[in-house]
Each structure stands twice: as C-alpha cells, then as structure tokens.
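Trainee: Next comes the sequence, and after it the predicted model I'd like to discuss.
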Amino acid sequence: MGALSFEAVKVRITQNKQGIYLVLNIHPNDAPEELLRSWVGQRYFCAMVGIEDDETPVPTKNTPNLLKKKTTGQKYVDRAGIFARDKLFWRFSKTDSEEDASEFIRRWCNIHSRSELKVNTFAQILFEAISTKFNDWCEEE
C-alpha cells in the first residue's frame, strides 16, 4: 500500500492511558479504498496539513514549514549570522561583539548587508574563503 491522501475534518479528540484518540470525519467520496479495507490495528505514519477554505495551508507559529526549503543564498545568510554570534569567531576576527563580527564579515565579503549573501555569488565565494580560514584556524587552536 502506498501513501494515502484524503481530506478529513477533526470531530473529536480524547485521551486515556493508552494514548490519544483522534476521530476524523472523511466524506465517503474521499475515503481511500485501501484505508477502508485495511484491518483494524493497522499502523500508519501520518502527516497532516491544516487547510483553509480556499485550500491553502493554515499558517502555524510554532512548527517549521517543512514544505519550504531554504535557498542556498539563505543558508549563507544564516551561516554568517551564526559566525557573528560565535565568540570563537570573535577571537579569530579580532573583534569583541556580534556587531563588530558582522562588520568584519561584511567588509571581507565586500557587502553592505549580510542579506546580500542571498544573491551575490561573488560575496558567497568570499564568505566560503573566510569560512575555510576560520575552520583552519579552529583546528590549530
């Protein structure tokens, strides 16, 4: 049996010592035949996405958006932020604050803002160079 997909509505939830019971209402036209024919007690791995009336996903505050992958450029921005907060990087860059470390990265990469790392290929190459130098320096420490 492959993956099943269907729309359902949560109608009840209860809990006892065995776990949480979630009751979903599935319209008969939407119920997969494989689900109806499987035996009671069949285990399933479930992934559920809440949807609005217009079929768009319900936005959530506390859960990551698993469908949205970070772009390569965003990964550079994130790494630059991590470096700027790393006190070991402060020692490497001879700075003593996150702000100074950020400035060091911006100057090294010849950019005005770390967000430029999203799209500036030359800055990404320069960032990789400083990343390599930092990693080499860490191994020597």
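Mentor: Everything's here; your move. Because the structure is a prediction, the values reported are computed rather than measured. Residues are numbered from 1 along each chain as shown.

Trainee: Going by C-alpha atoms from here, please, whenever you check contacts or count neighbours.
Mentor: OK.

Trainee: Report how many residues lie close to residue 117.
Mentor: Other residues near residue 117 number 26, with proximity taken as other CA atoms under 10 Å.

Trainee: tell me the secondary structure for it?
Mentor: Look at residue 117: counting by DSSP: H, G, I helix; E, B strand; the rest coil, its state is helix.

Trainee: what sits against it?
Mentor: 73-74, 76-77, 123-124 (CA atoms under 8 Å, 6 or more residues apart in numbering).

Trainee: Show only the entries of those residues found in helices.
Mentor: Cross-referencing the contacts of residue 117 against helices under DSSP state H gives 73-74, 76-77, 123-124.

Trainee: can you put the residues you listed in TSV and add distance to residue 116?
Mentor: Compiled in TSV, these are given as follows (distance: CA to CA, whole Å):
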residue	distance to residue 116
73	9
74	10
76	9
77	8
123	8
124	9
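
Trainee: which two in these are spaced the farthest apart?
Mentor: Largest separation among the ones in helices among the contacts of residue 117 by CA to CA: 74 and 123, giving 12.8 Å.

Trainee: What residues of the helix or strand harbouring residue 128 count as buried?
Mentor: Per DSSP states H and E: residue 128 is located in helix 121-140. Buried residues in helix 121-140, defined by neighbour count with 16 or more other CA atoms under 10 Å: 123-124, 126-127, 130-131, 134.
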